[in-house]
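Visitor: what follows is a protein structure lacking sequence information:
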């Protein structure tokens, strides 16, 4: 059997599996195993989280919080990815978490998970693009090589919102982010092949830049002191550049330091959201999620270890607060040309991170709309016959991400919410699966955890709740109010409207009744949908 025939057989099996779940093959199924891994690896992007948020760990409990916390949390996230992979293998659809939660926990449960997952993904895209502009492009490229004054390109974040919006810098930033998001939406619009090509490139780029950056840090470090990797220091308050309020408890500071890897290793549900564009999805989607987390663990850990070892003094580095990475790059005598190449690589990787995030967000919007989750569902679920992409969902996702970037005074609080909303949406279907396994959930896919399924589920749910507790501590305690308001709004909308109007995903006899609609939907987009 030739490779082409094997590929065709795999696609036919994927289409048959999708039909059994009540859905048509409308999207273009062209992604292989590496591409499915690369889209999640690109969203996790250690060159985004570990670089931009490095101060989070260092400014809490010192270098040990970074060195011990990173493997501790990423191994935990690996368990979450494994639990999600078992469900994804059984239900490989673009709806991902929402679809799993609906099947395993009920229509209302799935509806609520959809909103948490969508908000988390919106904030992933918006926070990465704001960070790309504010924390990377302007200070690393604009200021260092183009002679820009950051005050003309970034609003003074400490000023009241009324003062910010009256400044020219606010509108320069808004226009820049609109252009960035527009480019990412356009690349998503023209087809999954273009997106896949770029996210495949991103996978290689992230590894290459992380390796070169690590080697450069170690090669040009003033000295190497391995002992500092395991030194606990309470850097809350002024000792950590006032990134976090002062706390007398080192253990509390260590717990909060776990947010560095937790915020970084998110977004791997992209592998699930692109299930309907992945060949042999029941096998490759679980592999994509698990491998993306594992390799982020490995390369991210080695890279942040090099950051710690390259510091002239840890105490001075901690005092830099939010500016610690820039200080480190300016302090370690890395050759100018190599430094420039690293900056370019980091900026491109962050652009591609948000590009992949928008892909994931748009597929989630498309899948939820396909099941009637929005007022304009028929419009939002439209798939372009020319490009085989959910074009309306793509542009709506970009607009939602842009709107969240405008309210700058609380933006980073909202951005921090992306991680806790995503982990809650990860834990929800896993928890539902714990109770449904062996009852309503009897048929699993090729990837199975066996005896580890329920223990992993328990650890995943409890760990997600712990991360939520850490994520809503000062200065992000406003997230408690945001969560409460969100739950209240969701309850009002569900019981007042959606409960009677939202059909949810097809189940039981509805799947058989949908076969004629499936044939019509596939005919509308043509054979190229395969």
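Guide: That came in fine, so what should we check first? Here the structure is a predicted model, which means the values were calculated and not measured.
Visitor: only C-alpha atoms for contact and neighbour calcs from this point on.
Guide: Will do.
Visitor: from what I can see residue 310 touches residue 222, true?
Guide: Yes - using Cα atoms under 8 Å, residue 310 is in contact with residue 222, at 6.7 Å.
Visitor: got the buried residues for stretch 7-17?
Guide: If you call a residue buried by 16 or more other Cα atoms under 10 Å, then stretch 7-17 has these buried ones: 10, 11, 13, 14, 15, 17.
Visitor: check stretch 238-254 too.
Guide: 238, 239, 240, 241, 242, 243, 244, 245, 246, 250, 253, 254.
Visitor: could you say which helix or strand holds residue 482?
Guide: Residue 482 belongs to helix 478-493 when elements are defined using DSSP states H and E.
Visitor: closest one of the buried residues of stretch 7-17 to residue 426?
Guide: Of all these, residue 426 sits closest to residue 17, with 23.2 Å by Cα to Cα.
Visitor: that's a helix at the closest one, yeah?
Guide: Yes - residue state for residue 17 (DSSP: H, G, I helix; E, B strand; the rest coil) corresponds to a helix.
Visitor: and it, how close does it get to residue 439?
Guide: Residue 17 sits 21 Å away from residue 439, taking Cα to Cα, to the nearest Å as the criterion.
Visitor: so the nearest residue to residue 107 once chain neighbours are set aside: helix, strand or coil?
Guide: Counting by Cα to Cα, 6 or more residues apart in numbering, the nearest residue to residue 107 once its immediate chain neighbours are dropped is residue 504, at 5.7 Å. Using three-state DSSP, the secondary structure recorded for residue 504 is coil.
Visitor: the one 3 residues further on too?
Guide: Put simply, residue 507 is coil when judged by three-state DSSP.
Visitor: which residues touch it?
Guide: 21, 22, 103 (Cα atoms under 8 Å, 6 or more residues apart in numbering).
Visitor: now do the contacts for the last one.
Guide: Under the criterion of Cα under 8 Å, 6+ apart, the neighbours of residue 103 are 110, 505, 507.
Visitor: past the helix or strand that contains it, which element shows up next along the chain?
Guide: In this structure, residue 103 is located in helix 97-105 according to DSSP H and E. Taking DSSP H and E as the definition, the helix or strand that follows helix 97-105 towards the C-terminus is helix 107-131.
Visitor: by how many degrees do that following helix and helix 478-493 diverge?
Guide: Going by axes from the mean of the first three to the mean of the last three Cα atoms, to 10 degrees, helix 107-131 is angled at 140 degrees with respect to helix 478-493.
Visitor: sorry, back to before: can I get the buried residues of stretch 7-17 in CSV with distance to residue 430 and pLDDT?
Guide: Shown next, in CSV, are these (distance: Cα to Cα, whole Å; pLDDT from 0 to 100):
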residue, distance to residue 430, pLDDT
10, 28, 86
11, 28, 89
13, 26, 92
14, 23, 93
15, 25, 93
17, 22, 92
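Visitor: CSV for those residues, including distance to residue 120?
Guide: Putting the buried residues of stretch 7-17 into CSV (distance: Cα to Cα, whole Å) gives the following:
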residue, distance to residue 120
10, 32
11, 31
13, 32
14, 28
15, 29
17, 28
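Visitor: and residue 137, how far is that from residue 489?
Guide: Taking Cα to Cα, one finds residue 137 at 37 Å from residue 489.
Visitor: neighbour-wise, which of these two wins?
Guide: The neighbour count for residue 137 versus residue 489, taken as other Cα atoms under 10 Å, is higher for residue 137 (20 against 11).
Visitor: shouldn't the more buried one be within a helix?
Guide: Yes - judged by three-state DSSP, residue 137 forms part of a helix.
Visitor: now it. Nearest residue, chain neighbours left out?
Guide: The shortest distance from residue 137 to any residue that is not its chain neighbour, by Cα to Cα, 6+ apart, is 6.3 Å, and that residue is residue 347.
Visitor: surely that neighbour and residue 130 touch.
Guide: No - at 11.9 Å, residue 347 does not count as touching residue 130 under the criterion of Cα under 8 Å.
Visitor: tell me the one of the contacts of residue 507 nearest residue 330?
Guide: Here the nearest of the contacts of residue 507 to residue 330, counting by Cα to Cα, is residue 103; it sits at 52.4 Å.
Visitor: quick check: residue 448 vs residue 93, distance?
Guide: Applying Cα to Cα, one obtains 17 Å for the distance of residue 448 from residue 93.
Visitor: could you give the separation of the helix or strand hosting residue 510 from the chain centroid?
Guide: Secondary structure here is read from DSSP H and E; on that basis residue 510 sits in helix 509-513. Remark: helix 509-513 is offset 34 Å from the chain centroid, using Cα atoms, centre = their mean, to the nearest Å.
Visitor: for stretch 467-482, same thing?
Guide: In this view, stretch 467-482 has its centroid 19 Å away from the chain centroid, taken as Cα atoms, centre = their mean.
Visitor: repeat that for stretch 394-411.
Guide: Computed by Cα atoms, centre = their mean, the chain-centroid distance of stretch 394-411 equals 16 Å.
Visitor: quick one on the thing from earlier: more neighbours: which of residue 448 and residue 93?
Guide: Per other Cα under 10 Å, whichever of residue 448 and residue 93 has more neighbours is residue 93, with 28 against 17.
Visitor: find the nearest non-adjacent residue to that one, please.
Guide: Sequence neighbours aside, residue 275 is the residue nearest to residue 93 in space, at 5.3 Å (criterion: Cα to Cα, 6+ apart).
Visitor: same question, residue 264
Guide: On the basis of Cα to Cα, 6+ apart, the spatially nearest residue to residue 264 that is not a chain neighbour turns out to be residue 49, at 4.3 Å.
Visitor: do you know how far that neighbour is from residue 301?
Guide: Residue 49 sits at a distance of 12 Å from residue 301 (criterion: Cα to Cα).
Visitor: then residue 499?
Guide: Note on residue 499: its distance to residue 301, by Cα to Cα, is 45 Å.
Visitor: measure how buried residue 74 is and give me the count.
Guide: Other residues close to residue 74 by other Cα under 10 Å number 23.
Visitor: centre of the chain versus the host helix or strand of it, how much separation?
Guide: Under DSSP H and E, the secondary-structure element containing residue 74 is helix 54-90. Computed by Cα atoms, centre = their mean, the chain-centroid distance of helix 54-90 equals 13 Å.
Visitor: and stretch 311-330, what's buried?
Guide: Applying a neighbour-count criterion of 16+ other Cα under 10 Å, the buried positions in stretch 311-330 are 311-312, 314, 317-326, 328-329.
Visitor: what of stretch 142-149?
Guide: Using 16+ other Cα under 10 Å as the burial criterion, the residues of stretch 142-149 that qualify are residue 142.
Visitor: can you offset everything so residue one is 23?
Guide: All right, first residue 23 from here; so that's stretch 164-171.
Visitor: burial of residue 442, as a residue count?
Guide: The burial count for residue 442: 28, using other Cα under 10 Å.
Visitor: residues in contact with the residue nearest the centre of the chain?
Guide: Nearest to the centroid of the C-alpha atoms of the chain, with distances taken as Cα atoms, centre = their mean, sits residue 289, at 2.4 Å. Residues near residue 289 by Cα under 8 Å, 6+ apart: 62, 65, 66, 143, 146, 379, 444.
Visitor: that one: what secondary structure?
Guide: At residue 289, secondary structure determined by three-state DSSP is coil.
Visitor: now do the SS call for the closest residue in space to residue 314 that isn't next to it in sequence.
Guide: If the residues on either side of it in the chain are set aside, residue 314 comes closest to residue 63, at 4.7 Å by Cα to Cα, 6+ apart. Local secondary structure at residue 63 is given as helix here, using three-state DSSP.
Visitor: residue 521 and residue 323 - which one has more neighbours?
Guide: Residue environment comparison for residue 521 versus residue 323 gives the larger neighbour count to residue 323, 21 against 15, counting by other Cα under 10 Å.
Visitor: residue 94 is in contact with that one, correct?
Guide: No - in this structure, residue 323 is not within contact of residue 94 by Cα under 8 Å, at 10.7 Å.
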